[in-house]
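Trainee: structure, please.
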Amino acid sequence: MDVENLVKFKLLNTPEIVEGIAKSKEGIPLVGINRGFEGTYPQIVLEMETGRDDLFADDRTYSIYEVIKVNFYSQDENAFLAVKNAINEAMREINLFRINYYSVVDDGTKITKYTVFYRASLTTQMLSKQYTEQQFKYEERIPDVPTLPDGEYFDFESNQAYWIVDGERVNTKP
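Mentor: Next up, the predicted model:
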């Protein structure tokens with residue numbers, strides 16, 4: 001549990017953001033932590049700029065302070081404005097406050113990069129509560145269903161070979 005994942009879940013739980021950014025082939029909105037999705041826009045990339053324990057005693061942290069950097073990349077001006085406003089509102093809802101921001105357009109690609117720095121000063125109890133709420137909301141909407149790439153696999157419990165075809169398990173060779 002950390003502020004970056006809290007922010008990621010909050011962004012993924014905000015309909016205006018989900019509608020306004022690109023999706024992976026699995027349909028997951030493109031919100032990354034410390035990495036982007038090359039060549040696919042619009043997308044959001046989160047980074048922790050700085051952080052520290054604010055209140056601590058007896059090997060236990062009671063309060064944290066972090067600065068989170070949210071980078072939003074878009075080629076579409078209308079999507080840019082809608083998602084930019086939704087990001088700011090979503091961060092206020094989880095008690096993160098904007099401390100600095102700027103935007104710049106790359107002349108070559110015409111991609112607008114909107115960067116915002118948010119301050120999080122939360123008790124560990126509040127962080128845990130908000131994280132659990134946002135994770136639960138996300139998992140209700142998008143269950144974590146692991147999929148394997150197409151190919152042949154072996155089940156050691158049943159001692160049988162099986163195949164994955166288009167994300168589905170089949171027991172006969174395709």
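Trainee: residues making contact with stretch 22-39?
Mentor: For stretch 22-39, the surrounding residues in contact (Cβ atoms under 8 Å, 6 or more residues apart in numbering) are 4-5, 8, 11-12, 17-18, 21, 40-47, 71, 73, 142, 147. Every residue, glycine included, has its C-beta placed from N, CA and C.
Trainee: narrow those residues to those in helices?
Mentor: 4-5, 8, 11-12, 17-18 (DSSP state H).
Trainee: redo those residues as a markdown table? Include neighbour count.
Mentor: Shown next, in a markdown table, are the ones in helices among the contacts of stretch 22-39 (neighbours: other Cβ atoms under 10 Å):
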| residue | neighbour count |
| --- | --- |
| 4 | 17 |
| 5 | 14 |
| 8 | 21 |
| 11 | 25 |
| 12 | 21 |
| 17 | 24 |
| 18 | 18 |
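Trainee: widest-spaced pair of the residues you listed?
Mentor: 4 and 18 (18.2 Å; Cβ to Cβ).
Trainee: chain center to stretch 96-103: distance?
Mentor: Centroid separation for stretch 96-103 versus its chain: 18 Å, with Cα atoms, centre = their mean, to the nearest Å.
Trainee: show me which positions of that stretch end up buried.
Mentor: Neighbour counts over stretch 96-103 (16 or more other Cβ atoms under 10 Å) mark residue 96 as buried.
Trainee: I'm done for today, thanks for sticking with me.
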